[in-house]
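[1] Take this sequence and fold it.
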Amino acid sequence: MIAQPDKDRPVQPPPRPSAPSAAPRDVARDATWLAHRYDPTDDMVHFLPVPRTMHRAATFLSDDYLPHGLEPRIVPRRAAVAAAPPPAPLHFIFHSAFCCSTLVARAFDRPGWAMGLKEPPILQDIIGWRRRGSPGPDMAAVLDDVLTLLARPFGPGEAVVVKPSNIVGGLIPAILTLRPDARAVLLSAPLRLYLGSIARKGMDGRLWVRTLLLGLLDDGLVDLGFTPRDHLGHSDLQVAAIGWLAQQALFGRLVAQFGLARVRTLDSEVLTADPERAMRRLAALFGLPLDAAALRDIVTGPAFTRHSKHGTAFAADDRTREQQDGAQVHADEIEKVATWAEAVARTMGVSLVPTAPLFAGALP
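    As a prediction, this is how the structure comes out:
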């Protein structure tokens, strides 16, 4: 049996350890206590001790990637929010997976400037709670409070940039509505590269796209002319393409709803072709000052020179070679599915080229 990473399981409630509740002020005022999980049954937030160095080392903030044995502190949600410090500026990296989103989140780990949170599971808890239809407090109020707890500053003057898992796409409109000062980049890879990423991951990738599609269907985000029964007849890469198209359609709606001043799109290949310009524009979108020296430090630092998942040296040429290897093995399947998906997109009015690109026009 092939196990999926914990970060991709949004539907299970958090564990209920026997650790006692903690004094809210002890943890809520300190950003090194990560707001890790939410339990809607008891309306409690589970905090874990995750200092900045641990954030930096962890690929994601899920249990699979954090050190084992971290002792949680459990605090009533309302008490935690009441004790929290004034929130830092909060911005988002929303993405369609396999598109350098972890790289971008890592690039915002710069003391005194910003901190990037890589897929905090507490947001998956909310989407899982919604999908289960379980009872609990008002969901909008909980989401609002969770955003406040994620926006606790790590240092004076720092912003917080959150990269949620892409399974929380159904929450994006609510998140941006609840935080009218927040801005977001919508990051995706071109269709053929996305399909190649799935194909070279073998069975794990092919199972993952089916899990993703089930979630998108649960959230009402798939409107491409197919019935749920139709998807049983689709190949794995067709399912991958449907998920990609559904997320592109969502991104288009977000741009239309929230406008270019708050939401911009970014192609992963545009990002990697000109990382200096991309980071300069992202900083401007998020309203963060960035001088030339700091920009050079970021683009020559580990975010852009080491593999986001493995930590090994990983230059642009390595990434290109990895993409080409997958494309060569699966070229026939990828091309046929991409051609089919392009026809679906034309029929359903889904743009294959992201609107509102980061590099176009002035930024606020």
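
[2] If you rank every helix and strand of the chain by mean pLDDT, what lands last?
    When the helices and strands of the chain are scored by mean pLDDT, DSSP states H and E, helix 316-329 comes last with a mean of 64.

[3] what about the helices in the stretch 151-300 of the chain?
    Secondary structure of the stretch 151-300 of the chain (DSSP state H, counting those that start in this stretch): helices located at 172-178, 191-200, 202-218, 236-258, 268-273, 275-285, 292-299.

[4] Next, format those as CSV and append mean pLDDT and mean neighbour count.
    Where C-beta positions appear, they are placed from N, C-alpha and C, glycine not excepted. Converted to CSV, the helices of the stretch 151-300 of the chain look like this (pLDDT from 0 to 100; neighbours: other C-beta atoms under 10 Å):
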stretch, mean pLDDT, mean neighbour count
helix 172-178, 97, 18
helix 191-200, 94, 22
helix 202-218, 95, 17
helix 236-258, 97, 22
helix 268-273, 94, 18
helix 275-285, 96, 20
helix 292-299, 94, 14
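
[5] Rebuild these as a markdown table, extending it with distance to V344.
    Output for the helices of the stretch 151-300 of the chain, formatted as a markdown table (distance: least, C-beta to C-beta, whole Å):
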| stretch | distance to V344 |
| --- | --- |
| helix 172-178 | 23 |
| helix 191-200 | 11 |
| helix 202-218 | 14 |
| helix 236-258 | 6 |
| helix 268-273 | 22 |
| helix 275-285 | 29 |
| helix 292-299 | 37 |
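
[6] now for those helices, which one comes closest to E333?
    helix 236-258 (5.7 Å; C-beta to C-beta).

[7] I'd like to know which elements that closest one is packed against.
    Applying 3 or more C-beta pairs under 8 Å, 6 or more residues apart in numbering; DSSP states H and E, one finds that helix 236-258 makes contact with helix 172-178, strand 184-188, helix 191-200, helix 202-218, strand 263-267, helix 331-348.

[8] Of all the helices of the stretch 151-300 of the chain, which one is nearest G128?
    helix 202-218 (9.4 Å).

[9] circling back to that earlier point, out of the helices and strands packed on helix 236-258, which gets nearest to L66?
    Counting by C-beta to C-beta, L66 lies closest to helix 202-218 out of those; the figure is 20.9 Å.

[10] re earlier: is it possible to get a markdown table of the helices and strands packed on helix 236-258 that adds distance to D30?
    As requested, those are arranged in a markdown table below (distance: least, C-beta to C-beta, whole Å):
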| stretch | distance to D30 |
| --- | --- |
| helix 172-178 | 24 |
| strand 184-188 | 27 |
| helix 191-200 | 37 |
| helix 202-218 | 33 |
| strand 263-267 | 31 |
| helix 331-348 | 47 |
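
[11] Which of those sits closest to A256?
    In terms of C-beta to C-beta, the element of the helices and strands packed on helix 236-258 nearest to A256 is strand 263-267, at 9.2 Å.

[12] Give me the helices and strands touching that closest one, please.
    Other elements packing on strand 263-267 under the criterion 3+ C-beta pairs under 8 Å, 6+ apart are strand 184-188, helix 236-258, helix 275-285.

[13] let's go with 7 Å and repeat that
    Secondary-structure packing of strand 263-267 (3 or more C-beta pairs under 7 Å, 6 or more residues apart in numbering; DSSP states H and E): strand 184-188, helix 236-258.

[14] got JSON lines for these, with distance to R78 too?
    Formatted as JSON lines, the helices and strands packed on strand 263-267 follow (distance: least, C-beta to C-beta, whole Å):
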{"stretch": "strand 184-188", "distance to R78": "27"}
{"stretch": "helix 236-258", "distance to R78": "29"}
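
[15] Let me know which of those is the nearest to H55.
    strand 184-188 (19.8 Å).

[16] can you list the residues that contact the closest one?
    For strand 184-188, contacts defined as C-beta atoms under 7 Å, 6 or more residues apart in numbering pick out 91-96, 99-101, 104, 176, 247-248, 251, 254, 262-268, 282, 285, 354, 358.

[17] check contacts around L260.
    Contacts of L260 were listed using C-beta under 7 Å, 6+ apart, and they are 356, 361.

[18] Nearest spatial neighbour of the residue nearest in space to the middle of the chain, chain-adjacent residues omitted?
    Centroid check for the chain by C-alpha atoms, centre = their mean gives P164 as the closest residue, at 2.9 Å. Once flanking residues are discounted, P164 sits nearest to L123: 4.8 Å by C-beta to C-beta, 6 or more residues apart in numbering.

[19] what's the helix or strand for the one you found?
    Secondary structure assignment for L123, by DSSP states H and E: helix 121-132.

[20] list the buried ones in that helix?
    Of the residues in helix 121-132, those buried by neighbour count under the rule 16 or more other C-beta atoms under 10 Å are 121-131.

[21] Name the member of those residues with the shortest distance to F47.
    Distance to F47 across the buried residues of helix 121-132 (C-beta to C-beta) is lowest for I122, with 9.8 Å.

[22] any idea how far the closest one lies from K163?
    The spacing between I122 and K163, counted by C-beta to C-beta, to the nearest Å, is 13 Å.

[23] The residue nearest to the centre of the chain against P121, yeah?
    No - the criterion here is C-beta atoms under 7 Å, and P164 misses it with P121 at 9.7 Å.

[24] circling back to that earlier point, nearest to P111, of the helices and strands packed on helix 236-258?
    Of all those, strand 184-188 sits nearest to P111, with 21.8 Å by C-beta to C-beta.
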